[in-house]
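S.K.: Sequence and predicted structure are below.
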Amino acid sequence: MAEPQPVLEMTGIVKEFPGVRALSGVDFRLFPGEIHALLGENGAGKSTLIKVLTGVHSLDGGTITLSGTSVRFDSPSQTQQAGISTVYQEVNLCPNLSVAENIFIGREPTRFGRIQWKRLRREAAELVDRLGLDIDVTAPLSSYPLAVQQLVAIVRSVGTGDADGQGAGTKVLILDEPTSSLDRDEVLELFALMRRLKDQGVAILFVSHFLDQIYEICDRMTVLRNGTLVGEHMVSELDQVGLIQLMIGKALDQLEELHDHQLRSDVGESLLQADGVGRVGGVAPFDLEIKKGEVIGLAGLLGSGRTELARLLFGADQPDSGTVTIGGKQVSMSAPNDAISEGVAFCSENRKTEGLVPDLTVRENIILALQASRGWTRPIPVAQRDELVAKYIKALDIRPANPEARVGQLSGGNQQKVLLARWLITQPKLLILDEPTRGIDIGAKAEIQKLVVSLSEDGMAVLYIAAELEEVLRLSHTIGVLRDRKLVAQLANGPEITPTRILETIASGEHQ
């Protein structure tokens, strides 16, 4: 039996930004009545491919064919009119309006310039009923939880063209991380709607970092890595270990365990104990002990919950379950200031948006956390401030060694060193590092890893997050493995703990 023709085909897609080729000749195809996963780690090109398809980014090379016709979109509105709708992770609706108004907002049925309210509510109810949903379209959207609001966003997308006969009707529905904030029952309700749309012939492009969900709902998958296509497979033909190999770019038998330094076994007494700490929509309740002088690495794919776990321990997000004990005393982590006062420091992976202030100087950036811990009414004496800044510029070899240089003008590696200096100057007991070596050169990466070893040897505890498994193995005494926002295993580092072992644990979701 001949394979049906794709409803959407992207061939040889190229997208370039200044100094960066984000997509290099990528092919992608989507068939009617299928749910197709688009997969890849951070920077693989998933978002760029979607934005090229939906007219957010212009196309630099290649062709797009929709229902056999060559197309080129210059705006998302053109894409929607052609029958391609997108629902993003963040629901972009108006909670103060009714469900019916949200479904038809911007395309309300009118007569003589006036909205036909009865017709609007009737057609909204018919559309909701057709999709098998039990939603009162006259109720305010705000009266429903996030999961139902997300379903309403999907109804709005697939209902394009129903009012006054405008638009082409949805042929392709793009769901970008729709399950990231949903619990299991809500996910099942969303999946039921997706299957009904699939049965009606809608092609669904599904983006998610939850591997179990991919294998539960999807028919086909396309994997990108570093802006290139590395494979298109039927879900039934590729197991999870094979999928992870494609995503990270290394076969299990090619990964080598690294022994750059011998990890000490004589870590100190318990520093921090988390018992049942979790946050709905963030990370499932977990238990974790961190000892003085211990490096605990967190391993897992993008979206596995590594950052969410770290943010809970720093008070950047508030847990809704569990307790945190530091030095034998139960503490509140309701805000970062609470964590800082308890000797916990956090270097975010988003150093440009959540860490550094690019328009401030090196000196001003380094001193921020220490000054905040003292309070703004107690300025640090100038002589002490300058001495501390000079000390850490020298200790971390920040270049240029000019405290008055603007941080935004420094290289990525030196920006990361400035962020580290900011927290080291507070002399923390626990330093949380989220992807500290991402996007920096090899030399700077080696310097930061050596610094982590040195801090550990001096008794500081470190929680270390990195996408590279070799990096986690090289530095950590214990490896916490996360999958689908759950801490599924804690492995004491040793000769038997290899990248293969960690990948198998991620793939299975169980202690191996």
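M.R.: Yep, it's here.

S.K.: so where's the stretch 1-150 of the chain uncertain?
M.R.: Within the stretch 1-150 of the chain, the stretches falling below the threshold (pLDDT under 70) are 1-3, 42-43, 90.

S.K.: show me where the stretch 1-150 of the chain has strands.
M.R.: For the stretch 1-150 of the chain, applying DSSP state E, counting those that start in this stretch gives strands covering 8-17, 20-30, 35-39, 61-66, 69-71, 84-87, 110-111, 114-115.

S.K.: Dump those into JSON lines; add mean neighbour count as well.
M.R.: From N, CA and C alone the C-beta is placed, and that goes for glycine too. Converted to JSON lines, those look like this (neighbours: other CB atoms under 10 Å):
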{"stretch": "strand 8-17", "mean neighbour count": "18"}
{"stretch": "strand 20-30", "mean neighbour count": "18"}
{"stretch": "strand 35-39", "mean neighbour count": "24"}
{"stretch": "strand 61-66", "mean neighbour count": "17"}
{"stretch": "strand 69-71", "mean neighbour count": "11"}
{"stretch": "strand 84-87", "mean neighbour count": "24"}
{"stretch": "strand 110-111", "mean neighbour count": "11"}
{"stretch": "strand 114-115", "mean neighbour count": "10"}
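
S.K.: Relative to residue 128, which of these is closest?
M.R.: When the strands of the stretch 1-150 of the chain are compared by CB to CB, strand 84-87 sits nearest residue 128, at 15.6 Å.

S.K.: Which elements pack onto that closest one?
M.R.: If you count contacts as 3 or more CB pairs under 8 Å, 6 or more residues apart in numbering; DSSP states H and E, strand 84-87 packs onto helix 146-158, strand 172-176.

S.K.: Just the CA coordinates for the last one, please, in PDB.
M.R.: What follows is strand 172-176 as a C-alpha-only set of coordinates in PDB (Å, rounded to 0.1, in the frame of the first residue of the first chain):
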ATOM      1  CA  VAL A 172      -1.800  21.300  10.900                       C
ATOM      2  CA  LEU A 173      -1.800  21.800  14.700                       C
ATOM      3  CA  ILE A 174       1.500  22.600  16.500                       C
ATOM      4  CA  LEU A 175       1.600  21.900  20.200                       C
ATOM      5  CA  ASP A 176       4.700  23.300  21.800                       C
END
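
S.K.: Packing partners of that strand?
M.R.: Counting contacts by 3+ CB pairs under 8 Å, 6+ apart, strand 172-176 packs against helix 46-53, strand 84-87, helix 146-158, strand 203-207.

S.K.: so what does the longest one touch, helix or strand wise?
M.R.: Taking 3+ CB pairs under 8 Å, 6+ apart as contact, the helices and strands that helix 146-158 lies on are strand 84-87, helix 99-104, strand 172-176, helix 184-199.

S.K.: I'd like the ones you listed as CSV, with distance to residue 452 appended.
M.R.: Shown next, in CSV, are these (distance: least, CB to CB, whole Å):
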stretch, distance to residue 452
strand 84-87, 40
helix 99-104, 49
strand 172-176, 34
helix 184-199, 37
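
S.K.: Just tell me which of these ends up closest to residue 4.
M.R.: helix 184-199 (13.7 Å).

S.K.: what angle sits between that closest one and helix 146-158?
M.R.: Angle, helix 184-199 to helix 146-158, by axes from the mean of the first three to the mean of the last three CA atoms, to 10 degrees: 10 degrees.

S.K.: Reformat the helices and strands packed on strand 172-176 as TSV; add distance to residue 471.
M.R.: Below are the helices and strands packed on strand 172-176 laid out as TSV (distance: least, CB to CB, whole Å):
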stretch	distance to residue 471
helix 46-53	23
strand 84-87	35
helix 146-158	35
strand 203-207	26
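
S.K.: To residue 100, which of those lies closest?
M.R.: helix 146-158 (9.6 Å).

S.K.: Would you mark the buried spots in that closest one?
M.R.: Using 16 or more other CB atoms under 10 Å as the test for burial, helix 146-158 gives 147, 148, 149, 150, 151, 152, 153, 154, 155, 156, 157, 158.
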